[in-house]
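K.L.:
With the sequence up front, the predicted model follows.
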2 protein chains.
Amino acid sequence: MSALLEQLIDALRVLPGVGQKSAQRMAYHLLERQRDGGRRLSEALEAAMSRIGNCGRCRDFSETPVCPVCASASRDAQVLCVVETPADRLAIEQATDFRGLYFVLHGRLSPLDGIGPRELGLDGLGTRLAEGEVRELIVATNPTVEGEATAHYLAQLARQHGVRPSRPAHGLPLGGELEYVDRGTLSHAFGSRSDITG
Amino acid sequence: MSALLEQLIDALRVLPGVGQKSAQRMAYHLLERQRDGGRRLSEALEAAMSRIGNCGRCRDFSETPVCPVCASASRDAQVLCVVETPADRLAIEQATDFRGLYFVLHGRLSPLDGIGPRELGLDGLGTRLAEGEVRELIVATNPTVEGEATAHYLAQLARQHGVRPSRPAHGLPLGGELEYVDRGTLSHAFGSRSDITG
Ligand SMILES: [Zn+2]
Ligand SMILES: [Zn+2]
C-alpha cells in the first residue's frame, strides 16, 4: 500500500471511535470521492489546532483572548454556570435560554488522577467570585460520583464568597452524560434548578 | 462558538458516517487531548489528497506512476485479478497468498448511473489482455446484481483475448461486500475459485 495512504489511515485513528477498519474506509472515501473535502478538512484542522486557545475568563475554547460570550454586554454577569466540558456548555447554550455566563472546568475533581482544584482553574474561579459581581453559581456538573463531589466543592467555594450555589433540577438521567441529554429534558432541568443548601 | 471550531466541525462531516454530533465530539477530543495528533492528521490529509494518484497499470491508488505491486518482479504477471475497489484489493492482499497482479475498476457497470466500460478503464484492460502475457483473469467483483453483470462482461472480454476467466469460489455471503468478508472465508473462496464457462 502507498506509504502516504498508510500514514493517512494511521493518522485518522487519532479520532475517537475510529479503528483500523473505519480509518481505511474514511481514507478510501476521501481519495475516491472527496479530495476537496479532504483538503478543506486538512486546513480546518491546522487552523483549529494552532489558533484555538482558551478564553481567559471562562476557559472555554476561543480563538480570541476573551470569547464572544464573555465579551458580550447583553449577558447577565450575575449568574455564572459551571460545566465540566465545552460540549456541556454548547449543549446548554443550544437547549436553554440561559443568558448568564459560563465557567468551563475541562474535567472534574479526580484526586486519583491528580486532578485537583488547581487543574480545574478553581483558584481563578475563586478570584472571580471574590470580585462580587456574581450572585448565583449554577453548578451543572454531571450526575456521576466525581461530578457530585465536584459540585459539593463548588457549592462550598460559592458560599465562602457569599454567592448562592444552585444546580439544575433533577431529571437528568443518572449516570448519563449531560452532553447527550435531549434538549427538552435539559431545558426543563435548567428552568427548575434548586438552591444547594446545607 | 469559535468560528474556527465551527469550520472544523463542518469539515469533519466530510468523513463517511460522521454527523453533526460525532463531528463535535471529534473536534472537542482533538482540541482537548490530541493537538499533535490533529496536526499530524492535517499534514497526512494534505499529502495524501495532493500526492496520491492512480497507478498507470492497475489503476489502484499510488503515489508513483506505477505502484510497487505492478513494479514488482516477484509477482506472477500471468494471473490478473479484477476488483471493484482499492479496499477489495487490500482485503485480498491481506487475506490470501495471491501473487498475481490486480486491476481496479473503481466501480462496477451501472448504465443508469452512466458508468460503462470506459469509466471503469476496460479499454485499457482490453489492451493489456491483448498483449498476451495474461493467461487467467480472476473476476473478483462483488456478488451483487451489478457486480455479477460486470463479471459477465469481464468474462466475455477475457475470452475475446483468449484469456481464461475465473472467479473465487462461492462462499462469499450473498449481497455482502467483499471488503467486509472475514479473512478465512475470503482466503478459502480464493483458493477454490472456478472457471467461468459458457
Ligand atoms: Zn469566555
Ligand atoms: Zn499498479
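P.N.:
Here it is on my side, so go on. Just so we're clear, the structure is a prediction, and the values are computed from it rather than from any experiment. Ligands and ions are numbered 1, 2, ... in the order given.
K.L.:
Name the strands paired with the top strand by length along chain A and say parallel or antiparallel.
P.N.:
Among the elements of chain A assigned as strand by DSSP state E, the one spanning the most residues is strand A:76-83. Its sheet considered, strand A:76-83 pairs with strand A:100-104 (parallel), strand A:136-139 (parallel) by DSSP bridges.
K.L.:
Check the burial of residue A:56 by counting its neighbours.
P.N.:
Number of residues near residue A:56 (other C-beta atoms under 10 Å in any protein chain shown) recorded here: 13. For the C-beta atoms, the positions are set from N, CA and C on the backbone; glycine is no exception.
K.L.:
same deal with residue A:37?
P.N.:
Residues lying near residue A:37 (other C-beta under 10 Å) number 18.
K.L.:
do residue A:14 as well
P.N.:
Neighbours of residue A:14 (other C-beta under 10 Å): 20.
K.L.:
ok, residue A:5 to residue B:94 distance?
P.N.:
Using C-beta to C-beta, to the nearest Å, one gets 14 Å for the distance from residue A:5 to residue B:94.
K.L.:
Looking at these two, which is more packed in?
P.N.:
For residue A:5 versus residue B:94, neighbours defined as other C-beta under 10 Å are more numerous around residue A:5 (23 against 11).
K.L.:
quick revisit: return the distance of the helix or strand just after the longest strand of chain A from the chain's centre.
P.N.:
Helices and strands here follow DSSP states H and E; after strand A:76-83, the next one along the chain is helix A:86-95. Averaging C-alpha positions (C-alpha atoms, centre = their mean, to the nearest Å) puts helix A:86-95 7 Å from its chain's average.
K.L.:
swap in stretch A:118-134?
P.N.:
A distance of 17 Å separates the centroid of the chain from that of stretch A:118-134, by C-alpha atoms, centre = their mean.
K.L.:
What lies in contact with that stretch?
P.N.:
The set of residues external to stretch A:118-134 that reach it, using C-beta atoms under 8 Å, 6 or more residues apart in numbering or on different chains, is A:57, A:59, A:77-80, A:82, A:103, A:105-109, A:117, A:137, A:150, A:153-154, A:157-158, A:160-161, A:163.
K.L.:
how about 6 Å then?
P.N.:
By C-beta atoms under 6 Å, 6 or more residues apart in numbering or on different chains, the list of residues contacting stretch A:118-134 from outside reads A:59, A:77, A:80, A:103, A:105, A:107, A:161, A:163.
K.L.:
ok, now stretch A:44-55?
P.N.:
Under the criterion C-beta under 6 Å, 6+ apart, residues A:61-63, A:66-67, A:70, B:2, B:4, B:7-8, B:11, B:31, B:35, B:38-39, B:41-42 lie in contact with stretch A:44-55.
K.L.:
And the helices in chain A, which stretches?
P.N.:
Assigned by DSSP state H, chain A shows helices spanning A:3-12, A:20-33, A:35-51, A:68-71, A:86-95, A:122-130, A:145-160, A:183-191.
K.L.:
Right, I'll leave it there.
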